[in-house]
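Q: This is the structure alone, sequence omitted:
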């Protein structure tokens with residue numbers, strides 16, 4: 001009797017089983033599809049991050065190159081200014097030495113006060 005009932009009711013059970021199997025297969029396919037989409041999304045995000053990192057590394061390198069060029073130009077300007085200042089200091093020291101020698105050569109170098117010849121030395125008139 002159980003065998004007869006099972007034979008009579010086996011078609012609906014098989015259909016339900018097939019539907020459940022198809023539903024499980026569809027769920028597995030959906031789950032794999034979502035996993036693939038997530039993996040592609042992660043790859044796209046990693047690629048975008050790598051692109052932005054490369055972009056900003058290039059920007060930083062360009063800014064560093066500009067700063068280094070500005071430092072080099074500034075160092076050259078400082079060297080030129082220092083050379084000019086050293087030349088001016090040497091010239092002024094030479095002029096001072098010449099003026100002191102001319103002052104010492106004047107008659108009465110041990111006297112105090114300004115005489116006409118000493119004033120002319122200061123004015124550069126000679």
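A: Sure, I can see it. Small disclaimer: the values here were computed from a predicted structure and weren't measured. Numbering: from 1, shown residues only.

Q: How far off centre is the helix or strand encompassing residue 80?
A: Following DSSP states H and E, one finds residue 80 within helix 2-105. Its chain's C-alpha centre and that of helix 2-105 lie 12 Å apart, by CA atoms, centre = their mean, to the nearest Å.

Q: packing partners for that helix?
A: Contact here means 3 or more CB pairs under 8 Å, 6 or more residues apart in numbering; DSSP states H and E; on that basis helix 2-105 packs against helix 116-123. (Glycine included, C-beta is placed from N, CA and C.)

Q: Quick check, central residue of the protein?
A: Taking CA atoms, centre = their mean, the centroid of the chain lies closest to residue 60, which sits 3.2 Å from it.

Q: what's the spacing between that one and residue 51?
A: Separation of residue 60 from residue 51 (CB to CB, to the nearest Å) stands at 15 Å.

Q: for residue 59, same thing?
A: The spacing between residue 59 and residue 51, counted by CB to CB, is 13 Å.

Q: what's the answer for residue 79, then?
A: Relative to residue 51, residue 79 is positioned 42 Å away (CB to CB).

Q: Please name the residues that touch the residue nearest to the centre of the chain.
A: By CB atoms under 8 Å, 6 or more residues apart in numbering, the contact set of residue 60 is empty.

Q: So, low pLDDT: which residues of the protein?
A: 1-13, 108-116, 119, 123-126 (pLDDT under 70).

Q: Try it again at 90.
A: 1-21, 24, 26, 95-126 (pLDDT under 90).
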